[in-house]
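Student: this one's sequence-less:
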């Protein structure tokens, strides 16, 4: 299991830039080695900033997009044009603005029955990665409650050991979500956890320095078997005062 590396940046923009640099490096290495780079995307405000950066003039041409495959860590049970859709946000900010092969964009179908959507996505992952392979790089966030992807405290998906993707009912929101599972997430070659904002500072401290309570803080389950785990935090999330 990997010991996490922790990088503290000034703010959310600094997190996005650090993540963009790591993605550029990982993409280059994977494409040089295997001819393809598999990237798992996350929803949220900090990833939105990252996606805008990757699609902008500074970074867009630093990645060989035709050789990139896009996957998603989780999805809300809404159509792809819904304002809550992780796919919609990623598509508007990044996917539609870079020269990706449309066949290389693998979204979770939040508009169909969640059980069917999860089964469909899991079978696709099995075909693509086999029994042991995983994503080259996966982006994750962390909620104020310690959840990541749609792995929420006390929900059934936390104990999933067999499937790559499941439908997970979240009582907090009285809704279903579709999410990658812990075993498949932990096959990734590199996982970047992006977290910003003072509201997450106490949880980050508990997760990284406190007791192991994965039922309460699901993100503690994230520990890639043979890959890298990097936390990118801003000063507020790390519980550090700004010099300003």
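Tutor: Received, thanks. Note that the structure is a prediction, hence the values are computed from the model and not measured.
Student: so where is this structure shaky, pLDDT-wise?
Tutor: Applying pLDDT under 70 to the chain picks out residues 1-2, 241-244.
Student: nearest residue to residue 70 other than its sequence neighbours?
Tutor: Of all residues beyond its chain neighbours, the one nearest residue 70 is residue 105 (4.7 Å), with distances taken as Cβ to Cβ, 6 or more residues apart in numbering. C-beta coordinates here come from the backbone N, C-alpha and C atoms, glycine included.
Student: separation between the one you found and residue 60?
Tutor: Residue 105 sits 16 Å away from residue 60, going by Cβ to Cβ, to the nearest Å.
Student: more neighbours, the two?
Tutor: Neighbour count, other Cβ atoms under 10 Å: between residue 105 and residue 60, residue 105 has more, with 18 against 15.
Student: if I look at residue 236, how far off is residue 140?
Tutor: 19 Å.
Student: the more surrounded of the two?
Tutor: Legend: neighbour count by other Cβ under 10 Å for residue 236 and residue 140, higher for residue 140 (26 against 19).
Student: would you list the phi and psi of that one?
Tutor: The phi/psi pair for residue 140 (degrees, to the nearest 10) reads phi -130, psi 150.
Student: doesn't residue 192 make contact with it?
Tutor: Yes. Shown here, residue 140 and residue 192 form a contact pair, counting by Cβ atoms under 8 Å, at 7.0 Å.
Student: before we move on, back to that, contacting residues for the residue nearest to residue 70?
Tutor: Residue 105 is in contact with 69, 70, 95, counting by Cβ atoms under 8 Å, 6 or more residues apart in numbering.
Student: out of these, who's nearest residue 123?
Tutor: Distance to residue 123, by Cβ to Cβ, is smallest for residue 69 among those, at 16.1 Å.
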